[in-house]
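Asks: Mind looking at a prediction? Sequence and model below.
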There are 2 protein chains.
Amino acid sequence: MPDALSLTFSALADPTRRAILARLRDGEASVGQLAEPFLGRMTLPAVTKHLKVLERAGLVTKGRDAQWRPCTLNTAPLRDVDAWMEEYRAHMEASLDRLGDYLKSITTPTRPDPADDHRDR
Amino acid sequence: MPDALSLTFSALADPTRRAILARLRDGEASVGQLAEPFLGRMTLPAVTKHLKVLERAGLVTKGRDAQWRPCTLNTAPLRDVDAWMEEYRAHMEASLDRLGDYLKSITTPTRPDPADDHRDR
DNA sequence: GGCATTGAAAACCTACAGGTTAATTATCCA
DNA sequence: TGGATAATTAACCTGTAGGTTTTCAATGCC
């Protein structure tokens, strides 16, 4: 049994699930409605499984209305993520100056830059 | 090949890896130093693998100093996480009120509700 | 050169994630 | 009562995650 935070991160580590969460920001939706954008890529049971992962992580709550299961977003686990991130905020800002280097390193195809000499000491 | 954000979330979805990141906030450390707290629970190659996951997600950078690989924390991917979280911040705050209501609802016992009889604790 | 140390790589195992198809349950409606 | 609709469950497949043990490579030191 993994801890809650691992469960949350792992639930967020999938673009389909993040898209489902994004959709739920606009209000509750049934499983079918949530599945609709993905039905070209995957089947309904697959979406049901994704929803179960989100549910187990506490990010989604499934209600019932006749044969429909209206799903709602639950942001409580995201607050835990936020709290975890807080511990890294200072470090993030401290290394903001190196963000430029990072972006350059993944966008420009390794242009030999003499100004980079101080790195890699 | 998953997208960068999924890679990051999935790297964070493990307590060992998060502990490694936490350790790296205090400054760079060799693989052996990073592994030391876990060697009762797992072997060195396991930690090496965890480090590779963190490296692939861009959260850790491995340098070289003789036979040591000094690892440093890289928070750039955490900024992406932060940006993603931003989209949910409004919703988080909005649901803070409902959290209060919820807490009240479970602390102040309301009238026994007959509709709850079907629940099996 | 020979050896200890640091770490990575290879080969392997088990469990689980994410997908499928097909069957099942629950509900509404005519 | 019987069908259509919504969603879950079951059974199965494949790939990968996370661990192990064993072997290999690079480096510093006598």
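Replies: Right, received. Where do you want to start?

Asks: and residue A:47, how many neighbours does it have?
Replies: Neighbourhood size, residue A:47 [other C-beta atoms under 10 Å in any protein chain shown]: 22. Backbone N, C-alpha and C define where each C-beta goes, glycine included.

Asks: check contacts around it.
Replies: A:16, A:20, A:31, A:34-35, A:38 (C-beta atoms under 8 Å, 6 or more residues apart in numbering or on different chains).

Asks: tell me which of those residues is nearest to residue B:44?
Replies: Taking C-beta to C-beta as the measure, residue B:44 sits nearest to residue A:16 out of those, at 35.5 Å.

Asks: Surely that closest one touches residue A:51?
Replies: No - judged on C-beta atoms under 8 Å, residue A:16 makes no contact with residue A:51 at a distance of 10.1 Å.

Asks: Now chain A against DNA strand D: closest residue?
Replies: Going by C-beta to the nearest atom of the strand, DNA strand D is nearest to residue A:32 of chain A, at 2.5 Å.

Asks: so what sits against both of residue A:16 and residue A:51?
Replies: With C-beta under 8 Å, 6+ apart, residue A:16 and residue A:51 have no common neighbours.

Asks: Around DNA strand D, which positions in chain A sit nearby?
Replies: A:30-33, A:35, A:44-45, A:48-49, A:51-52, A:62, A:67-69 (C-beta under 7 Å from any atom of the strand).

Asks: hmm, which of these are the buried ones?
Replies: Among the residues of chain A next to DNA strand D, those classed as buried by 16 or more other C-beta atoms under 10 Å in any protein chain shown are A:30-31, A:35, A:51, A:62, A:69.

Asks: Just the ones of these in strands?
Replies: Judged by DSSP state E, the subset of those located in strands is residue A:62.

Asks: pLDDT and distance to residue A:80 added to the buried ones among the residues of chain A next to DNA strand D, as a markdown table?
Replies: Compiled in a markdown table, these are given as follows (pLDDT from 0 to 100; distance: C-beta to C-beta, whole Å):
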| residue | pLDDT | distance to residue A:80 |
| --- | --- | --- |
| A:30 | 98 | 27 |
| A:31 | 98 | 26 |
| A:35 | 98 | 27 |
| A:51 | 98 | 20 |
| A:62 | 97 | 21 |
| A:69 | 98 | 25 |
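
Asks: In helices, which of the buried ones among the residues of chain A next to DNA strand D fall?
Replies: Using DSSP state H, A:31, A:35, A:51 are the members of those that sit in helices.

Asks: how about the residues you listed in TSV, adding distance to residue B:94?
Replies: Shown next, in TSV, are those (distance: C-beta to C-beta, whole Å):
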residue	distance to residue B:94
A:31	24
A:35	26
A:51	22
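
Asks: pretty sure residue A:95 contacts residue B:77?
Replies: No - the pair residue A:95 / residue B:77 is not scored as a contact, 11.6 Å apart, by C-beta under 8 Å.

Asks: Would you point out the most distant pair within the contacts of residue A:47?
Replies: The widest separation within those (C-beta to C-beta) is 13.4 Å, between A:16 and A:31.

Asks: now the helices: where do they sit in chain A?
Replies: Counting by DSSP H, the helices of chain A are A:4-12, A:15-25, A:31-35, A:44-56, A:76-94, A:99-107.

Asks: so which of the ones you listed is the most packed in?
Replies: Mean neighbour count (mean count of other C-beta atoms under 10 Å in any protein chain shown) peaks for helix A:4-12 among the helices of chain A, with a mean of 21.
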